[in-house]
Each structure stands twice: as C-alpha cells, then as structure tokens.
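1. Give me the fold of what follows.
(one chain, ligands or ions: 1)
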Amino acid sequence: MITAGIPQCVPCRPAARLTKPRCQATPNTLEAPSSSSSSAQAAERVASGAAAGPRPAASSAPAGSWLRGQAGLRGISLGPGGILTSALVAEATGTNEAGAVADGYRPINRVAYQGAPGAYSEMAALKACPGWEPLPCEQFEVAFQALTQWMAERAALPVENSLGGSIHAVYDLLLRYRLHIVGEVSIDVRHCLLALPGVEKGAIKRVLSHPQALAQTDSYTRRMPGVVREAVDDTAGAAKLIAENGWRDAAAVASRRAGELYGLDVVEEDIQDMKDNVTRFVVLSRDPLVASDALTSGVPYKTSIVFSLQEGPGMLFKALSVFALRDIDMTKIESRPMRENPLILSDPSPSGGGTAQRSFNYLFYIDFMGSLAQPQAQNALRHLQEIAPFLRVLGSYPVGG
Ligand SMILES: O=C(O)C(=O)C[C@]1(C(=O)O)C=C[C@@H](O)C=C1
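-> As a prediction, this is how the structure comes out:
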C-alpha cells in the first residue's frame, strides 16, 4: 500500500503565494477560522489524501466527524504561558483530530514550532519562513495539531542532531499525522549556561534543559560537581522557569537569545560537547509541493519515505538495492520498531523443544536525493512497493541549508 500518490502530487498553495494574513493577531492571541466547514471541500481533501490528521480512523470517518472540529473555531488566548497547548487546541476547535477547510478561510502566515520563544525551533521556524508569525507550542504534537487545525500554515520540527542523533518522537508523529514535508533547514546549536544575574558557576546545583540539549552538553555538565540535570520541555522554557521562580541554585542550557528574553546572564558560552552541533528540521505543510516544480526549479530535491518490509532473509538489502541500482544517493536511513505491531514471533526449531523466537517489526525511514517528478525516483519506489507491504511518501522538497 502506498499512501501518498506516486508519482503524482496534489497541488498545493505554496507559501510564497499566500495572501496577506487575514487577521493581525495581537501577541498571545491566536485567531482561527470561525465559519463552519464546507463538507464538499473537505470530502475532496479526504479523497485526495491532502487533508491532515491522525490516522488510521480519519480516512474512514464519516464526513460529520471529520468536520466536527471546525464548528467551534474562534479566537483564543494563548494564556499566561504564551504557549499553545493541546487543551487550547481542543478548546478552540472542539477536537484534536483532523480539521478541514472552513468557508472563507484565508491562510495566515504563521509557523508552528515546539517550545517557548527563544527555543532553537523558533530560529528554525523563522529561517524556514522569514517574516512569518511564529506560534510557540507546548509539545511536538501540539505543533502537528496546530497545522492540522489550520491555526498555522507551516510547522518546523527537529528530526536529527549531529550529536544526539534522531528525534524519534517526531518520526512517530510524522507517521501518525498526514502532513507533508515541504522543506528542511539546519540550525547551528550553540548552547550557553544561563543563570540569574550574579549567580556564580560554583553555586549551581541544578541544570535544566530539553533532553536533547542535556545530551549535547553531557561532558560539560558532568564536570560540574554535584550538579543534578533536570529535563524540561524545551531549552528556552528552562530559562523562563528559572527567571519566573528566581531559582539561584539553577542554570539553563539554552541559546543566548533565550537568556536575553528572560533576563538571564551567560555564565559560559559554546558548552556543547562538540563545537559543530547542528540540528536539522523539517518544514511541514498540509499539502505536498507540486512535483513538477522540482523539474523546472533547478534546485536539488530530496524525498523522504517510510516503509515496512515483508519477513525474510535479505529483505532490507533488496529494499536498499532499488536505490543503488539507479544510482540514487540515500542520505539517511532510520529504523523504528512498529508501535502498533512491534513483535515478530517465529516458530521454534522443527526438531522440537525450542521456544518461539521474538524479533522486532520495523518501519524504515529513508531520505534520498531526487524528486518524485524524476522517473528514476518513481521507478525506485514502484520497485520498492513490490516488497514493501506499506510505503508512504512523507515529502519531496528542495534541499535546505
Ligand atoms: O528546546 C529547544 O530549544 C528546541 O528547539 C528543541 C531542540 C530539539 O528537540 O532537539 C532543538 C534543537 C536542539 O537540538 C535542542 C533542542
């Protein structure tokens, strides 16, 4: 089963051509479309596969339930934390599930990201969508929900870091939500140790940050005697917590900009374990890019896919050979145990007496150079489909820096 069309893509409205934002939202206020949905538009989107939202239930859901969320859309306040939460999404839309086009909806140039203002993800969001309004979201999934529910037109999510490796939670969400990768950006992550003004390094007993940032500064913080490391939702959120609570025994691992935003001083800069510390983000949209644009744009493209394999010897080798045979350059491979169906039980030995062998059932995520508009990419995916019970194209997009 291929769940995004190969090779044809559903045309989208590219960001560059979006009209002026419908509303000028005041800071901390998020306005969402207020009119009820057009069931015809929604049905068309469901049929085309362009609509976004958690699956598998959505594709078979009656139109009424698909549209349910749109009826209650209205302006909401982001609250004292200034951050969008799952509960606020549900309050604004009546649901966390997939949304659809509301009548009279005009796109708002807003890009969702996970974390508080000052998070590295905010830098990535603004690098991907310069001049757009950034929308801070409490968790990764809230950013997916914000895009699904038309509260944002793009979302920027981290997928891998040069020190910490892949960010698996985002890979899992890419599978659960029917959104499309339309771009990528990388950010140089330069961590600072931030503390309230006047706090000496020796007085710090707790270091707070995002788990990835704690991992990226592991050697540094291990050299701080008696320090306890505490994981929080994001780097900038750690700085904010320290400032709000006046914690003089704590420091945050976060960006210089987070320190400036929340009034913390830089105790030490560039504390990441390796000087080069780069995080790659994908940019998501509800619609895929138009495949044919890749042929005329003259820029190199990348395609991201996810697939499962039949059981049997050499299946992964066969899967990878569909790219090698066509000289297609694979830039990334990642495997994740299938959450829904994680174990394969094989029979005990025929001679009897053995116990069943248990191994993992995997999903494979691959990025390769090339666009879906190119015949060799289409042929490779057709070939892969012969041995992959499940195959989905996550997106075909210009290579970013
Ligand atoms: O906490 C932040 O500032 C984020 O943007 C999240 C995040 C991540 O999830 O990897 C992004 C970049 C850095 O690698 C550290 C943390």
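
2. Near the ligand, which residues of the protein? Just list them.
-> When proximity is defined by CB under 6 Å from any ligand atom, the chain lies next to the ligand at 115, 119-121, 158, 161, 167, 189, 210, 212-213, 234-236, 279. (C-beta placed from N, C-alpha, C; glycine too.)

3. So which of those belong to helices?
-> Counting by DSSP state H, the residues of the chain next to the ligand place Y120, S121, Q212, A213, T235, A236 in helices.

4. how about the residue of the stretch 251-400 of the chain found nearest the ligand, what does it touch?
-> Here the residue of the stretch 251-400 of the chain nearest the ligand is T279; by CB to the nearest ligand atom that distance is 3.8 Å. With contact set as CB atoms under 8 Å, 6 or more residues apart in numbering, T279 has these partners: Y120, A124, P158, E160, N161, S162, S186, I187, V189, Q212.

5. tell me which residues form a beta bridge with the closest residue to the fifth one other than its chain neighbours?
-> In space, N161 comes closest to T279 once its chain neighbours are excluded; the distance is 4.6 Å by CB to CB, 6 or more residues apart in numbering. Under the criterion DSSP bridges, T279 forms beta bridges with N161, I187.

6. picking that back up, now the two most distant members of the ones in helices among the residues of the chain next to the ligand.
-> Using CB to CB, those reach their maximum pairwise distance at Q212 and A236, which is 13.2 Å.

7. out of these two, which sits in the busier spot?
-> A236 (29 against 21; other CB atoms under 10 Å).

8. can you pull the contacts of the more buried one?
-> By CB under 8 Å, 6+ apart, A236 lies in contact with G115, A116, P117, G118, A119, E122, A254, S255, A258, L261, Y262.

9. Can you give me the distance of it to G395?
-> Using CB to CB, to the nearest Å, A236 is found at 27 Å from G395.

10. so where's the stretch 251-400 of the chain shaky on pLDDT?
-> 339-359 (pLDDT under 70).

11. mind listing the strands for it?
-> 265-269, 278-285, 301-308, 330-337, 343-346, 357-360, 362-369, 391-398 (DSSP state E, counting those that start in this stretch).

12. Make JSON lines out of these and add distance to Q149.
-> Converted to JSON lines, the strands of the stretch 251-400 of the chain look like this (distance: least, CB to CB, whole Å):
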{"stretch": "strand 265-269", "distance to Q149": "38"}
{"stretch": "strand 278-285", "distance to Q149": "13"}
{"stretch": "strand 301-308", "distance to Q149": "23"}
{"stretch": "strand 330-337", "distance to Q149": "26"}
{"stretch": "strand 343-346", "distance to Q149": "34"}
{"stretch": "strand 357-360", "distance to Q149": "34"}
{"stretch": "strand 362-369", "distance to Q149": "25"}
{"stretch": "strand 391-398", "distance to Q149": "20"}
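
13. I'd like to know which of these lies nearest to M151.
-> Comparing those by CB to CB, strand 278-285 comes nearest, at 13.2 Å.

14. Flag every buried residue along the closest one.
-> Across strand 278-285, burial judged by 16 or more other CB atoms under 10 Å covers T279, R280, F281, V282, V283, L284, S285.

15. With stretch 363-379 instead?
-> 363-374, 377-378.

16. And for stretch 304-317?
-> Those would be S304, I305, V306, F307, S308, L309, for stretch 304-317 by 16+ other CB under 10 Å.

17. Next up, the contacts around the fourth one.
-> With contact taken as CB under 8 Å, 6+ apart, F307 is in contact with A319, L363, F364, I366, L384, A388, F390, L391, R392.

18. Specify which member of these is nearest to M330.
-> Once CB to CB is applied, the member of the contacts of F307 that ends up nearest M330 is I366, at 6.0 Å.

19. That closest one reaches S304, doesn't it?
-> Yes: contact criterion CB atoms under 8 Å: I366 and S304 qualify, at 7.3 Å.
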